[in-house]
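>>> how would this look folded up:
(one chain, ligands or ions: 2)
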Amino acid sequence: MAVDLSLYLVTDSTPAILKGRNICTVVEEALKGGVTVVQYRDKKSDTGDQIATARKLHQICQKYGVPLLINDRVDVALAVGAEGVHLGQDDMTFAEAKKILPKDAIIGISASTLEEAQKAIADGADYLGIGTMFATPTKTNTRYVLGTAGTQAILDAISTTSVNTVAIGGINHSNVQRVIYQSESPKKALDGVAIVSAIMAADDPKAAAEELAKLIKNPPAFA
Ligand code: TZP
Ligand code: MG
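Ligands and ions are numbered 1, 2, ... in the order given. This is a model prediction of the structure:
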């Protein structure tokens, strides 16, 4: 999978995050700031509205050469020709999604435990979304808060595989370097971070994405 997962934006359509702004405007600002993947995640809108929004987001993402993935809804991804989907443990199975999506569609799977990660890898997932990294008000029904140590334990245990990985949950400017550069020579490092509020809720999503991209590119000095 030749996709840069380094700064992976996950959208949120709740008023607390959008603060009256249009989702497309916020996402386009984030793209200008350098996000490398966009996942449209919308737990509230009905199917018609999701398709309409996803179609607009897809057009915007295409302008920036960035893939659009759809959370949960394989039908919405198919309707708009998105580049792929992100599926949780309670969504359509990887095997079912694989059957109905185009051959080159990207399928990412959420994993909160080593067992879930191993199953997703065996299925053939293109990447894993590992979390929850840190507790976050954006998603309060999380099953496990892994922290950097818990995440690294999963990464170490799957270090013989080439699966791509991002971490999600509570990642922001102040902790992103700690998340990405957990240790100087890990058995397996994350390919990126998935972020909602630190970009979507920022007053200036472009500047927020630019700053995060800079922090991700620059390893901190190890003691
Ligand atoms: N899955 C685990 S945590 C989370 C999701 C979708 C939300 C992350 O949001 P934020 O605002 O980046 O903490
Ligand atoms: Mg889901």
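
>>> which one is whichever residue of the chain sits closest to ligand 2 nearest to, not counting chain neighbours?
Closest approach between the chain and ligand 2, counting by C-beta to the ion: Gly88, at 3.1 Å. In short, each C-beta sits where N, CA and C put it, glycine included. Distances taken as C-beta to C-beta, 6 or more residues apart in numbering put Ser110 closest to Gly88, at 4.4 Å, once the chain neighbours are dropped.

>>> that neighbour is in contact with Val85, isn't it?
No: with contact defined as C-beta atoms under 8 Å, Ser110 does not count as touching Val85 (11.4 Å).

>>> what residue is smack in the middle of the chain?
By C-alpha atoms, centre = their mean, the mean C-alpha position of the chain lies nearest to Ala194, the distance being 3.8 Å.

>>> quick one: it from ligand 1, how far?
Separation of Ala194 from ligand 1 (C-beta to the nearest ligand atom, to the nearest Å): 7 Å.

>>> which residues touch the nearest residue to Asn164 once chain neighbours are set aside?
Distances taken as C-beta to C-beta, 6+ apart put Tyr127 closest to Asn164, at 3.8 Å, once the chain neighbours are dropped. Residues near Tyr127 by C-beta atoms under 8 Å, 6 or more residues apart in numbering: Met1, Val3, Leu5, Ile106, Gly108, Ile109, Val163, Asn164, Thr165, Val166, Asp191.

>>> per-residue confidence at Tyr127?
Listed pLDDT for Tyr127 reads 98.

>>> bridged to it, which residues?
Gly108, Asn164 (DSSP bridges).

>>> how much space separates it from ligand 1?
14 Å.

>>> dihedrals phi and psi, His86?
Main-chain torsions, His86, degrees, to the nearest 10: phi -120, psi 120.

>>> show me the contacts for the closest residue in space to it that isn't next to it in sequence.
Sequence neighbours aside, Gly108 is the residue nearest to His86 in space, at 4.4 Å (criterion: C-beta to C-beta, 6+ apart). Going by C-beta under 8 Å, 6+ apart, Gly108 touches Leu69, Gly84, Val85, His86, Leu87, Ala125, Asp126, Tyr127, Leu128, Gly129.

>>> ditto for Val37
For Val37, the contact set (C-beta under 8 Å, 6+ apart) comprises Val3, Asp4, Leu5, Leu7, Tyr8, Leu9, Val66, Pro67, Leu69, Gly192.

>>> of the residues you listed, which are in range of ligand 2?
Subset of those in contact with ligand 2: empty, counting by C-beta under 5 Å from the ion.

>>> dump those to JSON lines, plus neighbour count, distance to ligand 1 and pLDDT.
JSON lines is the format used below for the contacts of Val37 (neighbours: other C-beta atoms under 10 Å; distance: C-beta to the nearest ligand atom, whole Å; pLDDT from 0 to 100):
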{"residue": "Val3", "neighbour count": "20", "distance to ligand 1": "18", "pLDDT": "94"}
{"residue": "Asp4", "neighbour count": "16", "distance to ligand 1": "19", "pLDDT": "98"}
{"residue": "Leu5", "neighbour count": "22", "distance to ligand 1": "15", "pLDDT": "98"}
{"residue": "Leu7", "neighbour count": "26", "distance to ligand 1": "12", "pLDDT": "98"}
{"residue": "Tyr8", "neighbour count": "28", "distance to ligand 1": "10", "pLDDT": "98"}
{"residue": "Leu9", "neighbour count": "29", "distance to ligand 1": "9", "pLDDT": "98"}
{"residue": "Val66", "neighbour count": "21", "distance to ligand 1": "18", "pLDDT": "98"}
{"residue": "Pro67", "neighbour count": "21", "distance to ligand 1": "18", "pLDDT": "98"}
{"residue": "Leu69", "neighbour count": "26", "distance to ligand 1": "12", "pLDDT": "98"}
{"residue": "Gly192", "neighbour count": "23", "distance to ligand 1": "13", "pLDDT": "98"}
